[in-house]
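Participant: give me the fold of what follows.
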Amino acid sequence: MDLNDRINKVTMFYGASPLIMDRAKQLRRRMTEPEKIVWEIIRENAILGLKFRRQHPINSYIADFYCHKVKLVIEIDGETHNQESAILYDENRTNVLNSFGIEVIRFKNTDIRKNISLVKKEIEKKCKDLLSN
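Facilitator: Got it, this is the predicted structure:
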């Protein structure tokens, strides 16, 4: 691994372990339907020319989607995220990501299925805000 690879691993993956990297690779092969829908609207630099990565390792977590340029994580929450234990886990995870200077926005599966155009507008707005800062 050359110096650029090591720097990239630290700055883009925040020290994610090989185990987390492998798990992310597996998750990319098994995206949920709402994740596939969001991926279709953000892939290929479709949002303000920004590159998003799917199932991206960050430290000990795997973000559904991540844009390194604006340090934005997009999370897609299914029904399991309504359980108390999941709510606490998500709050802790968001706090850890925030400590790296990463912002997190969340959308529920139902939001994606019922109003994807609004989801896209919210992602664009957040990206514009982050680009202007």
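
Participant: do you know how far Leu27 is from Lys69?
Facilitator: Distance of Leu27 to Lys69, given as CB to CB, to the nearest Å: 22 Å. (Each C-beta comes from the backbone N, C-alpha and C, glycine too.)

Participant: what are the ranges of the helices in the protein?
Facilitator: All helices of the chain, identified by DSSP state H, fall at 3-13, 18-29, 33-42, 84-99, 109-114, 116-132.

Participant: circling back to that earlier point, looking at Leu27 and Lys69, which one has more neighbours?
Facilitator: Leu27 (17 against 13; other CB atoms under 10 Å).

Participant: that one reaches Gln55, doesn't it?
Facilitator: Yes: counting by CB atoms under 8 Å, Leu27 touches Gln55, with 4.2 Å between them.

Participant: could I get the contacting residues of Leu27?
Facilitator: Counting by CB atoms under 8 Å, 6 or more residues apart in numbering, Leu27 makes contact with 55, 62.

Participant: that one and Leu118, how far apart?
Facilitator: For Leu27, the distance to Leu118 equals 26 Å [CB to CB].

Participant: can you get me a residue count around the nearest residue to Asn98 once chain neighbours are set aside?
Facilitator: Residue nearest to Asn98 in three dimensions, not counting chain neighbours: Val104, with 7.2 Å by CB to CB, 6 or more residues apart in numbering. Per other CB under 10 Å, the neighbour tally for Val104 reads 19.

Participant: same question, Asp129
Facilitator: Counted with other CB under 10 Å, Asp129 comes out at 12.

Participant: so who does it touch?
Facilitator: Asp129 neighbours (CB under 8 Å, 6+ apart): none.

Participant: if you set the cut-off to 10 Å instead, what comes out?
Facilitator: 70, 72, 103 (CB atoms under 10 Å, 6 or more residues apart in numbering).
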